[in-house]
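> Okay, here's the prediction I keep looking at, along with the sequence it came from:
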Amino acid sequence: KQAGWNRTSVEYANRGLDTPGLPDETIAKLDAIRAHALFYVGDLAGADDSGRRADAAGRVCESFGASVMGLTARSLVAQAAGRLDDACDFARSATDTADRVGEGAVNWHPRIWLGNAQTSTDLFDEASRTFDLGRRETERLGTRWAVPLWHYYRAALLAAWGRLDEAIAEADAGVSTAEQMTAFQLALPILGALVRLSVARDELAVASEHLEHMHRLTANGITAAPEDVAWSEAVLLEATAGPGVALQTLTDIYDALPRRPVLIAQDPAAAAALVRIALGAGDTARADTVVAAARRLAASNPHVRSLAGASAHAEGLRHRDPRLARMAVDLLRTAPRPLVLASALEDGAAVVLARGDRPTADTWYREALEITGSCGALRAQERLAKLIGNR
C-alpha cells in the first residue's frame, strides 16, 4: 500500500480476509488497509464499507490503530462524495480515539485527514493548528511515513491561502522525502500539486518536468486519485495546447462529478475552470454537468462560503449572467481563498463589461490584478495586466 500499488494491496487484503479462522485483530487491520487502497482505485462504496468494518472490529478487539485507519478512510470517502461535515466528523473521531489511546493509534496520525477536511470547509486557521500539532507528534514518535503527507496537505492549505511560493517549497520537500523513503504513492499527488502550482507561477517548463516525473511513476503501476493525476495534466494542457486537448484528459472527471465532486470540494476554483474548459471545447453539456455538481455541493455544505461563491461563479460564467457574477464576488469576499476571488473577479469583469458596466469591470480587473500579484500567481497576473493595458 505504501509503495502505491493499490490494486495489488486490495488483492492481498482480499486473500487475507478470505482465510478462515483469522484473529479479529488481523481482520480489522486488513480491512483498514483495504479501505485506503480501495479509495485510491476509485471504489468509494467499497472503501467506506471496509473502513466501517475496520472501525467497528478495531473497537471491539481493541486494535485501535485499525479503527483510526478505518475512520480516516471514511473521511476521505465522505470528502470525495461532497459530505464535508461527515469528513470532518470521521477524522475528528479518529483523532479523539488516537489521543485517548496513545501509541498504537496515534502513530497513524489522523490529524493529517482532520486538517485536510478542515481545509475543505474553509477552516484554515484550525487546519494550520492541526497540521502543526500533528507534525510535532510525528517528530516525537519518529514515524517518518507520515512526513510526505504533512507536506502535501500543508502545501494544499498554503496554495488555498494564496501563498504559492511557500506551497511550492512545502511540496518540493514532500517529493524529496517520499522518494527517499521509496513511498512513491505519496510522491505522486505532491507532484500533481507541483504541476498546478508551476502553471500558476507561469513556469510551464518546470510543470512539464513534474508531469513527466508523474508519468514515470504511473507507468510503473503507481496509482493516485484522478484529481491528483488527470486534473494536473489537464491544467498544463489547457495552458499549452488549449481547452480541447485538456477536455480529452478530463472526460472521466466530468462524468464522475455527480457522484464524486471532490475536485471542487478541494479547490473551489476548479468549478469555473472546468466550465471554462468545456465551453472552450464546445461541450456545453459537460459545462452544465459542472454547474449542477457545484450547485449540489454548495447546497449540501451551506456553511462553506467558498463553495457557494464557486457555484455562483461557475453558473454565472456558463450563462454570462451579471447577477450571478456579482453574487459570486460578494460571497467570495467573505471566504479565505484569495485566488478563487481573483478568478471570479476576472470572469465577472468580462460578463459585466459585455452588459456595458465598464466602471465595475475596470474595478474588478484591477482588484484581481492586485490579488494575483500579491499571491505570486504570475500567469494570471500577466493575463490581467494585458487586459487592463489593452483597454
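Okay, I see it.

> three-state assignment of residue 297?
Under DSSP: H, G, I helix; E, B strand; the rest coil, residue 297 falls in the helix class.

> From residue 115, how far off is residue 129?
Residue 129 sits 9 Å away from residue 115 when distances are taken as Cβ to Cβ, to the nearest Å. No exception for glycine: its C-beta is placed from N, CA and C like everyone else's.

> the more surrounded of the two?
Neighbour tally, residue 129 and residue 115, criterion other Cβ atoms under 10 Å: the higher count belongs to residue 115, 30 against 14.

> Who are the contact partners of that one?
Neighbouring residues of residue 115 by Cβ atoms under 8 Å, 6 or more residues apart in numbering: 127, 128, 130, 131, 134, 153, 154, 157.

> Pull the contacting residues for the fifth one.
Taking Cβ under 8 Å, 6+ apart, we find residue 134 in contact with 109, 111, 112, 115, 146, 150.

> And for the third one?
With contact set as Cβ under 8 Å, 6+ apart, residue 130 has these partners: 111, 114, 115, 118.

> hang on, isn't the last one packed against residue 88?
Read that as residue 118. Yes - when contacts are counted by Cβ atoms under 8 Å, residue 118 is listed as touching residue 88 (6.6 Å).

> the more surrounded of these two?
A side-by-side neighbour count of residue 118 and residue 88, using other Cβ under 10 Å, places residue 118 first with 26 against 22.

> from the middle of its chain, how far away would the helix or strand harbouring the more buried one be?
Per DSSP states H and E: residue 118 is located in helix 111-120. Between the centre of helix 111-120 and the centre of its chain there are 11 Å (Cα atoms, centre = their mean, to the nearest Å).

> thinking again about what came up before, from the contacts of residue 130, pick the one nearest residue 326.
Distances from the contacts of residue 130 to residue 326 were compared by Cβ to Cβ; the smallest belongs to residue 118, at 29.2 Å.

> got the contact list for the closest one?
So residue 118 contacts 88, 124, 126, 127, 130 (Cβ under 8 Å, 6+ apart).

> Next, format those residues as TSV and append pLDDT, secondary structure and distance to residue 104.
Formatted as TSV, the entries for these read as follows, by pLDDT from 0 to 100; DSSP: H, G, I helix; E, B strand; the rest coil; distance: Cβ to Cβ, whole Å:
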residue	pLDDT	secondary structure	distance to residue 104
88	98	helix	24
124	98	helix	31
126	98	helix	26
127	98	helix	26
130	98	helix	21
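
> Over to residue 2. Which of the three states is it?
Recorded secondary structure, residue 2: coil (three-state DSSP).
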